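# no FASTA, just this:
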Ligand SMILES: [Zn+2]
C-alpha cells in the first residue's frame, strides 16, 4: 500500500490496524557512467513498494533529495544542506504524527544521508523531551535502516560481485534500478574497469579523484536478473524488520 496512491479514508482505515509507515529516503546524484541519478532514491523505493505490495505495509512518498554536496561537480545532482534536510524531515514526522503515526521507519539508500538522518532524529526527539506538554503524548519511534544492511543482503552482493563491488555506483544498486526500470539498462564500457578508491571531500576534489563518478566499482556487471534477486530478498527482510520495529518491544 502506498500513501500517495491512497485516499485519506484508506489511510484512516490503515491507522486502525497499524501506526507504522516506511519512508524511502535517498538522493538525486550522479551514479557513474551507467547508473541513474535517482539510484539512491529508487533502490529503497523499489524495494519498499515490492514489500508494501506483498504485505500491506504502508509506504510513504520518497524523500528523494538528500546530502550530495560532494557530487555537485556532475550535472543533474541536487543537494540539500544538512540543516535543510533536518528541518524537512522534522516537518514530515510532525505531519505524520498529527494523524496518529507513531513508528516511522526511514528506509535509506544513500550513505551520505546517515549522519544527517541521525541528527534529524536527535532534533525531533529533543522537541518532545524539552516540551513539558509532550509528556503525555503518544510515544514516537524513529528508525534508520540502510537497505544494504538488511540481514543477508551485503553477503549476497559480495557473492554476486566478488570483484568491483566498490562503494559508489555499485553493480548491486544499479541492478536494483534496472530491475525496477528495465528500459533504463545501459551498456557502457568502464575505463578503468574498476574505479579508484579514496576519501570523500568537496565537489571539486571528488571530480579530480573520481573522474567518471564511480568509487571502487565496476557497475558494467549490473543486470536485471541480479536486481530481481536483490529486490525480493531485501523486501522479505524489510517486512520482518519493519514488523519487529512496530511491535511494542521494537
Ligand atoms: Zn548510491
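Structure received. What you see is a predicted model, and the numbers here were worked out from it, not measured in a lab. Residues are numbered from 1 along each chain as shown.
# report the contact partners of the residue in the chain that the ion sits nearest to.
Residue nearest to the ion within the chain (C-beta to the ion): residue 40, separated by 4.2 Å. Heads up, the C-betas are built off the backbone N, CA and C, glycines and all. By C-beta atoms under 8 Å, 6 or more residues apart in numbering, the contact list for residue 40 reads 26, 27, 28, 29, 31, 66, 109, 110, 173.
# among the residues you listed, the buried ones, what's the ChimeraX command?
Selection of buried members from the contacts of residue 40 for ChimeraX, criterion 16 or more other C-beta atoms under 10 Å:
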select :26,27,28,29,31,66,109,110,173
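# ok so, going back, what's the first helix or strand after the helix or strand where the residue of the chain closest to the ion lies?
Per DSSP states H and E: residue 40 is located in helix 39-55. Using DSSP H and E, the helix or strand that follows helix 39-55 in sequence is helix 82-98.
# quick one: the helix or strand just after that following helix to chain centroid distance?
For helix 82-98, the following helix or strand on the C-terminal side (DSSP H and E) is strand 103-108. Put simply, strand 103-108 sits 9 Å off its chain's centre (C-alpha atoms, centre = their mean, to the nearest Å).
# which elements pack onto strand 103-108?
strand 20-25, helix 39-55, helix 82-98, helix 114-129, strand 141-146, helix 224-246 (3 or more C-beta pairs under 8 Å, 6 or more residues apart in numbering; DSSP states H and E).
# what does that strand contact?
Residues contacting strand 103-108 (C-beta under 8 Å, 6+ apart): 19-26, 44, 47-48, 63, 89, 93, 96, 114, 117, 140-147, 238, 242, 245-246, 250.
# show me which residues of this protein sit near the ion.
By the rule C-beta under 5 Å from the ion, the part of the chain lying against the ion is 39, 40, 173.
# before we move on, the earlier item: of all the helices and strands packed on strand 103-108, which one comes closest to residue 177?
helix 39-55 (4.8 Å; C-beta to C-beta).
# can you report how many residues neighbour residue 6?
By other C-beta atoms under 10 Å, the residues close to residue 6 number 15.
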